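J.: need a structure here:
(one chain, ligands or ions: 2)
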Amino acid sequence: GTCGTFGNPYESGYTTYLSPFYVAEVNAAIANASSPALAAKFPAVAQIPNFTWFDVVAKVPTLNTYLADAASIASKIIVQIVVYDLPDRDCHALASNGEFKIANNGVNNYKGYIDGIAAAVSAYPQVRVVAVVEPDSLANLVTNLSDQRCANAQSAYLECTKYAIEKLRQCNIWLYLDAGHAGWLGWASNQDPAAQMFAQVYSGVPNNRVRGLATNVANYNALQAVSPDPVTQGNPTVDELSYIRAIGPKLASRGFPAKFLVDQGRSGVQNIRDAWGNWCNIEGAGFGLRPTTNTPDALIDAIVWIKPGGEADGTSDTSAVRYDATCGLNDAKKPAPEAGQWFQAYFEDLVKYANPAF
Ligand SMILES: O=[N+]([O-])c1ccc(O[C@@H]2O[C@H](CO)[C@@H](O[C@@H]3O[C@H](CO)[C@@H](O[C@@H]4O[C@H](CO)[C@@H](O)[C@H](O)[C@H]4O)[C@H](O)[C@H]3O)[C@H](O)[C@H]2O)cc1
Ligand SMILES: [Mg+2]
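T.: Numbers count the residues shown, from 1 in each chain. Ligands and ions are numbered 1, 2, ... in the order given. Down below sits the predicted model:
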């Protein structure tokens, strides 16, 4: 490509920007804390970088603000974002359905959303942007085309993802496509179809800035399980490291030399789910391994916190339009607010059960 470096964006010497959005959420949590002893730990949490989710187009202007702020802080700095606004988003679930609908000009709306992000990235070439692209989207195309909503969304997801990769090609951006997790695409029957699809998307845009894949986004799997969680039911890819070591070579052999980011933001406690497919506000979860480039495999660029701990996965209000039954299961903490909204009790648990401890 025409750009210089395209190695690990988290290379030494780079600091990672703290999202003011999340810092503000944690500061508010201090004011609402159930116990002063626990609240004493909250400021330390606010110092750990995570990703800012651009889940509505109205948030895109704040990206300019963040990039300008970051540029004023350090010459070598990384801003971490999640691109998350596909039309008919979260097609196999209800909790995170988005603002754009395919049936209502959604693909064009999405392209405008991407154009806004691309303009911000171009305006601040001195700031590195690491972007996770569309959690749950391509993974749903691997396993859920039997769901009419996903089948209907397939071509739009692929067109929108291609557009995002084409537009987000500035020399200061690194893209990681979302790749589900060990309990999703890690099943043997899913690995090859997944590798095939990711490699096809990668090859579809020459000279792209797709560095690799992001796994375990908004999920709870260990990077390296001490012992298999019972829910893994004999699946050899018991954790994210085994999933990555299984799918990495399958991607490389198909022309996609993918590197990985692994979300460990809510992975501090294992054996807390009734089933591996349960994903909503899982009770007992704790903040996990701290972000680092000290990873167990060269395939992994960094351990990161992508889902901001404390922001809900979905509402438990059965009367809500976006109520998903998964958020009503026994292992889902209740009462929970809408996806993305601050869930104070859940945040306090994440701090309480954090491993490593705060
Ligand atoms: O014994 N075997 O050999 C065998 C073989 C195959 C088997 O089938 C596999 O079973 C897996 C479950 O074990 C399924 O994985 C679940 O798929 C769901 C979507 O369908 C995901 O939900 C998403 O989760 C996101 C957060 O991660 C949410 O943000 C998002 O809103 C939400 O929709 C779950 O995580 C994920 O765990 C696979 O599809 C399925 O193919 C099972 C056994
Ligand atoms: Mg979700």
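J.: hey, let's count contacts and neighbours off CA atoms from now on
T.: Noted.
J.: Show residues contacting the lengthiest helix in the chain.
T.: When the chain is parsed with DSSP state H, its longest helix is helix 148-167. Contact with helix 148-167 is made by 86-88, 91-92, 102, 107, 110-111, 114-115, 118, 133, 137-138, 140-141, 144-145, 175, 201, 204-205, 208-210, as judged by C-alpha atoms under 8 Å, 6 or more residues apart in numbering.
J.: Equivalent analysis for stretch 122-134, please.
T.: Residues contacting stretch 122-134 (C-alpha under 8 Å, 6+ apart): 9, 64, 67-68, 70-71, 75-86, 121, 161, 170-178, 213-214.
J.: I30 against A39, yeah?
T.: Yes - using C-alpha atoms under 8 Å, I30 is in contact with A39, at 5.4 Å.
J.: And the closest residue to D88 other than its chain neighbours, how far from ligand 1?
T.: Using C-alpha to C-alpha, 6 or more residues apart in numbering and skipping residues adjacent in sequence, the residue nearest D88 is K101, 5.1 Å away. The gap separating K101 from ligand 1 is 17 Å, by C-alpha to the nearest ligand atom, to the nearest Å.
J.: burial measure for K101, as a count.
T.: 17 (other C-alpha atoms under 10 Å).
J.: Isn't it up against P87?
T.: Yes - taking contacts as C-alpha under 8 Å, K101 lies within contact range of P87: 4.7 Å.
J.: now the helices for the stretch 1-150 of the chain?
T.: Using DSSP state H, counting those that start in this stretch, the helices of the stretch 1-150 of the chain run over residues 20-31, 36-39, 42-46, 60-73, 106-123, 137-143, 148-167.
J.: so what sits against both of K101 and P87?
T.: With C-alpha under 8 Å, 6+ apart as the test, K101 and P87 both reach V107.
J.: pLDDT score assigned to G1?
T.: Note on G1: pLDDT of 61.
J.: Also the one 5 residues further on?
T.: Taken from the predicted model, the pLDDT recorded for F6 is 95.
J.: Spit out the contact partners of it.
T.: W174, R209, R211.
J.: Against V210, how distant is it?
T.: 9 Å (C-alpha to C-alpha, to the nearest Å).
J.: what touches both of the two?
T.: W174.
J.: burial of the nearest residue to G277 once chain neighbours are set aside, as a residue count?
T.: Of all residues not flanking G277 in the chain, G183 sits nearest, at 7.0 Å (C-alpha to C-alpha, 6+ apart). Neighbour count for G183, taken as other C-alpha under 10 Å: 24.
J.: now the one 5 residues further on
T.: A188 has 15 neighbouring residues, counting by other C-alpha under 10 Å.
J.: Next: G4.
T.: 8.
J.: Please determine how far it is located from L94.
T.: 42 Å.
J.: cool, and A28?
T.: Counting by C-alpha to C-alpha - A28 and L94 are separated by 28 Å.
J.: Who has more neighbours out of the two?
T.: A side-by-side neighbour count of A28 and L94, using other C-alpha under 10 Å, places L94 first with 19 against 13.
J.: so what's A93 up against?
T.: Counted by C-alpha under 8 Å, 6+ apart, A93 has contacts D324.
J.: rerun at 10 Å
T.: D136, N140, D147, R149, C150, R322, Y323, D324, A325, T326 (C-alpha atoms under 10 Å, 6 or more residues apart in numbering).
J.: so of the contacts of stretch 122-134, which ones are in strands?
T.: When DSSP state E is applied, those are split such that 77-83, 173-178, 213-214 fall in strands.
J.: Around ligand 1, pick out the residues from this structure.
T.: 90, 92-93, 136, 143, 183-184, 187, 218-219, 276-277, 279 (C-alpha under 6 Å from any ligand atom).
J.: pLDDT wise, what is the residue nearest the centre of the chain at?
T.: In the chain, the residue lying closest to the centroid (C-alpha atoms, centre = their mean) is V217, at 3.7 Å. What the model reports for V217 is a pLDDT of 98.
J.: for it, helix, strand, or coil?
T.: Put simply, V217 is coil when judged by DSSP: H, G, I helix; E, B strand; the rest coil.
J.: That one contacts G265, correct?
T.: Yes - using C-alpha atoms under 10 Å, V217 is in contact with G265, at 8.6 Å.
J.: which of the helices of the stretch 1-150 of the chain sits most buried?
T.: Ranked by mean neighbour count, the helices of the stretch 1-150 of the chain are led by helix 137-143 with a mean of 23 (mean count of other C-alpha atoms under 10 Å).
J.: So, low pLDDT: which residues of the stretch 151-300 of the chain?
T.: In the prediction, the stretch 151-300 of the chain carries no residues with pLDDT under 70.
J.: Sketch out the helices for it, chain order is fine.
T.: Here the stretch 151-300 of the chain has its helices, by DSSP H, counting those that start in this stretch, at 188-203, 240-252.
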